[in-house]
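> Return a 3D structure for these sequence lines:
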Amino acid sequence: MKRLVGKPVHDPEVQELANKYLQASLKYVGEEAMHAFGKLEDEEIEDFQSMMASPYTEEEEKWLDRVIEYYMIQNGMYNLNSNQHNGK
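Numbering: from 1, shown residues only. Alright, predicted model coming up:
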């Protein structure tokens, strides 16, 4: 991941990373938990994230968030018009 940070979110290699990241996340925490996380408000997400150590810098995490959001939009998993928790 660190090698790809800063590349455009639509780069095929970056999107392959997003796919692998989401698949690993689903396998690790389970699909039900992932859906529950998607319904949390920003403050709840920040509280949850603060309890977990991250191997990424703040900049890397922001980039990864953009990558995952783009991936989910492109794959019909996320609708900006109905998303309430990111203010869009």
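> Please count neighbours and contacts with C-alpha atoms only from this point.
Fine.
> so where is this protein shaky, pLDDT-wise?
Within the chain, the segments meeting pLDDT under 70 span 29-52, 79-88.
> can you give me the helices for it?
For the chain, the helices defined by DSSP state H occupy 12-29, 31-38, 42-50, 58-74.
> packing partners for the last one?
In terms of contacts (3 or more C-alpha pairs under 8 Å, 6 or more residues apart in numbering; DSSP states H and E), helix 58-74 is packed against helix 12-29.
> buried stuff in the helix it packs on?
14-15, 17-19, 22 (16 or more other C-alpha atoms under 10 Å).
> Repeat that for stretch 59-78.
For stretch 59-78, a neighbour-count test (16+ other C-alpha under 10 Å) marks 60, 63-64, 67-72, 78 as buried.
> mind giving me JSON lines with these and columns for distance to Pro8?
Formatted as JSON lines, those follow (distance: C-alpha to C-alpha, whole Å):
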{"residue": "Glu60", "distance to Pro8": "13"}
{"residue": "Trp63", "distance to Pro8": "9"}
{"residue": "Leu64", "distance to Pro8": "11"}
{"residue": "Val67", "distance to Pro8": "8"}
{"residue": "Ile68", "distance to Pro8": "12"}
{"residue": "Glu69", "distance to Pro8": "13"}
{"residue": "Tyr70", "distance to Pro8": "10"}
{"residue": "Tyr71", "distance to Pro8": "12"}
{"residue": "Met72", "distance to Pro8": "15"}
{"residue": "Tyr78", "distance to Pro8": "19"}
